[in-house]
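Q: The sequence and its predicted three-dimensional model are supplied below.
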Amino acid sequence: MAQVLYRELDELTDDEVYAAYAPPAPDWLRVNFVSSADGAATLGGLSGPLSGEEDKRVFKVLRARCDVLLAGSGTVRAEGYGPLVLSPERMAWRRAQGLPEVPVMAIVSHSGELDPASGIFAKAPRRPIVVCPADLPEAKVAPLRAVADVIGAGAGAVDLVAAVAALRERGLRQILCEGGPHVFGDLVAADLVDELDLTLSPLLVGAGPIRIAEDHALAAGGHREAGPPRPLQLRHVLEAGGNLILKYLRGSSDE
C-alpha cells in the first residue's frame, strides 16, 4: 500500500504543493471538486459557496499544471466563468516549465447553446475549444467557429472518449476537469478519470443538492446502468481551515 501523506496545507511551500500534484503520466485526466461534509455538490445551486481561500490555493495550482481546463457549459454559465487567466506568479511558473502562459479552456456543450460574445471567448488569452456533438446543425455551430476551435465528438450527445482523444491529438495531454456533476458522471461512466481531487468543506447542507457525479442520461430523460465501482487509492490528505483536501488516484488500495 502506498504511503499516504497527511499535512497542514500552510506547512507546505508553493514548490511542495506543485510537487504534490505532479502528474504520474504524460496523459492524465484529473477532476477537481468541492463537496460539503454531507455530500452536497452545491449550495444555493452553486459550488462556489462551498469553497474558500483555503482550498483555492490548490485550485490555482491545478489550473497552472494543466494543458487544458475542461468544463460543462452549464457549469460555465452557472459559476460565471470568464476568460481563463492566471496570476503573474502562476504564469511565470508555467514559463519556467516550458509551458504556454495559460492553459486552453475547453467547454463541453451537448446543445451548442453558448454565447460567442461572452468574455470566456471574447477575452480569452488563448483560443478556446468547444466540444459538441458532431451532428449539431452547422447553423448553430458556425457562430462558435468564429471564436473557438470546435471538436465534434459523438452523435446526439458528446462522446467524451473521442473528445479526450481529440484533445490529446492537439497536444493537450494533461486535462483538468472542473465539472459539472454531469460531465464528471459521464467521465466516470467512460472510465476516463485518473485522479479525483476532492475538498470536503466543513459544512452540513442537508437534503436536496446533487452529488459531485450525476447521470447526464437521467437528466435528459433516459437511463444508464451504473458500471462497477472504480477503486481509488488515497495519496494525500491536506488540512486547511477545517477543509480536508483529498487526492485519490485510480487503482486498488492494496497495490
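A: Thanks, I have it.
Q: Buried ones in stretch 12-21, by neighbour count?
A: For stretch 12-21, burial by neighbour count (16 or more other C-beta atoms under 10 Å) applies to 12, 17, 20-21. In short, each C-beta sits where N, CA and C put it, glycine included.
Q: One more: stretch 110-128?
A: 110, 112, 114, 118, 120-121, 124-125, 128.
Q: Closest one of those residues to residue 184?
A: residue 110 (14.8 Å; C-beta to C-beta).
Q: Residue 132 is in contact with that closest one, correct?
A: Yes: counting by C-beta atoms under 8 Å, residue 110 does reach residue 132; the two are 6.9 Å apart.
Q: same question for the helix or strand hosting residue 55, mean pLDDT?
A: Assigning secondary structure by DSSP states H and E places residue 55 in helix 53-65. Regarding helix 53-65, the rounded mean pLDDT is 92.
Q: what residues does that helix touch?
A: Applying C-beta atoms under 8 Å, 6 or more residues apart in numbering, the external contacts of helix 53-65 come out as 9, 14, 17-18, 21-23, 30, 32, 34, 51, 69, 84, 86-87, 90, 93-94, 103, 174, 176, 197, 199, 201, 238, 240-243, 245.
Q: go again using 7 Å as the cut-off
A: Identification of contacts with helix 53-65 by C-beta atoms under 7 Å, 6 or more residues apart in numbering yields 9, 17-18, 21, 30, 32, 34, 69, 86, 90, 93-94, 103, 174, 176, 197, 199, 240-241, 243, 245.
Q: In helices, which of these appear?
A: Taking DSSP state H as the definition of helices, the contacts of helix 53-65 contribute 17-18, 90, 93-94.
Q: Going by distance to residue 182, which of the residues you listed wins?
A: Residue 182 lies nearest to residue 90 out of the ones in helices among the contacts of helix 53-65, by C-beta to C-beta, at 28.4 Å.
Q: Identify the contacts common to residue 110 and residue 132.
A: Counting by C-beta under 7 Å, 6+ apart, the common neighbours of residue 110 and residue 132 are residue 158.
Q: show me where the stretch 1-150 of the chain has strands.
A: Per DSSP state E, counting those that start in this stretch, the stretch 1-150 of the chain carries strands over the ranges 5-8, 28-36, 68-72, 104-108, 129-132, 149-152.
Q: can you put these in a markdown table and add mean neighbour count and mean pLDDT?
A: Below are the strands of the stretch 1-150 of the chain laid out as a markdown table (neighbours: other C-beta atoms under 10 Å; pLDDT from 0 to 100):
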| stretch | mean neighbour count | mean pLDDT |
| --- | --- | --- |
| strand 5-8 | 12 | 93 |
| strand 28-36 | 22 | 95 |
| strand 68-72 | 24 | 97 |
| strand 104-108 | 25 | 98 |
| strand 129-132 | 25 | 98 |
| strand 149-152 | 18 | 98 |
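Q: between those, which gets nearest to residue 189?
A: The nearest among the strands of the stretch 1-150 of the chain, by C-beta to C-beta, is strand 28-36 at 13.0 Å.
Q: partners of that closest one in the sheet?
A: Paired neighbours of strand 28-36 in the sheet (DSSP bridges): strand 174-177 (parallel), strand 195-201 (parallel).
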